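Engineer: return a 3D structure for these sequence lines:
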Amino acid sequence: MEIRIAPLPEERKKPKFTDESRLGFGKLFTDRMLLAEWKAGEGWGDARIEPYAPFVLDPACAVFHYAQEIFEGLKAYKWADGTIALFRPEMNARRFNHSADRICMPEVPEELFLGGIEKLVSLERDWIPTSEGTSLYIRPAMIAVEPVLGVKPADHYYFFVILSPVGAYYAAGFNPIKIMVEDYYVRAVPGGTGEAKTGGNYASSLKAGLEAKKKGYDQVLWLDGVNRRYIEEVGAMNMLFAYGNTLVTSPLTGTILNGVTRDSVLKLAASLGYTIEERPIDVNDLLSDIRSGKVSEAFGSGTAAVISPVGTFAYKGETYTVGDGGVGAITRRLYDTLTGIQTGRVADTFGWVRKIA
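Structural biologist: Next up, the predicted model:
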């Protein structure tokens, strides 16, 4: 699919960051974006890279009323030798189309998804920061733009990609976070949209997240929506627990996002000699195991933070400290190895890195 590249007038260029330590996460955006349109009966067309700019949308667009919207998140890294690399973007393309199917949206051809991202990142390569813990965050998204108030899948969509140079997701960096186990609100139920990366899932999580932050916690750990008993996601991350040299995580049963980082961590851990268990995790058993010391480490995995060590959990008024409350050896080893592969410091023996010319 041809992707047209529009000129970037000098007056449309933005001032670049000067202090990478102050980037934050998702607050600054690059000069250009990718945009393509899908129309019923026509398919995909008019793919172009153009100057970053607001959309002009009809107030009746279906995205505003019926939440037909999906997105993805991945990163580009600039290595010490100048190489620009993406990490497992093919998985993001497949998951994007899995989400599209669930929300009744058209699939985006991988040629457009991957080829468009590569061209856009190549053009914006000067925006990629290089300090420790920084990267270029890539946000592909699709929205329904048909102006219609009838409840139905729309006949017109925008697929777009924007880029944001980012620092660490958590201001404290790679340090243990505090988690509140949510026992009232739920994130997803079987048969719902939990495994789709759609904005509605995140909107429904905001209230619990705000209440947790008011109480001094960094994130919410979700329990299943039926029994309020089994561990699911933490914030926007998958959750893993170390029982000695065994890593335990919840199975993908339709309510949990199939994380690219989760899959990478499990494959990497197995290659390093750790045992992997995917099984239901009862919150009461887990907290008992934390208190007894059987659970020695806990961490979340996701694109934004990569790996986030967890120091404490709070549940029903009680606090449970994992290990000594610090960063465990397994967590550190997985973080260093995985980020090393992403940034070119560790050899990629899995074929995960996709280099951009």
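
Engineer: tell me the buried residues in stretch 153-168?
Structural biologist: Buried residues in stretch 153-168, counted by 16 or more other C-beta atoms under 10 Å: 154-168. (Glycine included, C-beta is placed from N, CA and C.)

Engineer: wait, stretch 200-215
Structural biologist: Judged by neighbour count using 16+ other C-beta under 10 Å, the buried positions of stretch 200-215 are 200-201, 205, 208-209, 212.

Engineer: neighbouring contacts of that stretch?
Structural biologist: 67, 69, 180, 182, 184-185, 187-188, 193-194, 218-220, 222, 235-236, 314 (C-beta atoms under 8 Å, 6 or more residues apart in numbering).

Engineer: narrow those to those that are buried.
Structural biologist: 67, 69, 180, 182, 185, 187-188, 193-194, 218-220, 222, 235-236, 314.

Engineer: which residue ranges form the helices in the stretch 201-350 of the chain?
Structural biologist: Applying DSSP state H, counting those that start in this stretch to the stretch 201-350 of the chain gives helices spanning 206-214, 260-271, 283-292, 329-343.

Engineer: quick one: which of the ones you listed is nearest Leu123?
Structural biologist: helix 329-343 (21.2 Å; C-beta to C-beta).

Engineer: which outside residues touch the closest one?
Structural biologist: Contacts of helix 329-343 (C-beta under 8 Å, 6+ apart): 75, 77, 79, 85, 87, 135, 174, 242, 245, 247, 261, 264-265, 268-269, 272, 274, 296-297, 299, 306-307, 309, 345-348, 350, 352-353.

Engineer: apply 6 Å and report the result again.
Structural biologist: In this structure, residues lying in contact with helix 329-343 by C-beta atoms under 6 Å, 6 or more residues apart in numbering are 77, 87, 242, 265, 297, 299, 306-307, 309, 346, 348.

Engineer: got those residues as a markdown table, with neighbour count columns?
Structural biologist: A markdown table is the format used below for the contacts of helix 329-343 (neighbours: other C-beta atoms under 10 Å):
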| residue | neighbour count |
| --- | --- |
| Tyr77 | 21 |
| Phe87 | 25 |
| Ala242 | 23 |
| Val265 | 26 |
| Glu297 | 23 |
| Phe299 | 29 |
| Val306 | 25 |
| Ile307 | 22 |
| Pro309 | 23 |
| Val346 | 13 |
| Asp348 | 15 |
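
Engineer: which of these sit farthest apart?
Structural biologist: Tyr77 and Ala242 (26.8 Å).

Engineer: wait, Trp352 sits on Pro89?
Structural biologist: No: the pair Trp352 / Pro89 is not scored as a contact, 9.7 Å apart, by C-beta atoms under 6 Å.

Engineer: between these two, who's got more neighbours?
Structural biologist: Taking other C-beta atoms under 10 Å, Trp352 and Pro89 do not tie; Pro89 has more neighbours (24 against 21).

Engineer: residue contacts, that one?
Structural biologist: 74, 114, 354.

Engineer: now it: how far from Val161?
Structural biologist: Separation of Pro89 from Val161 (C-beta to C-beta, to the nearest Å): 11 Å.
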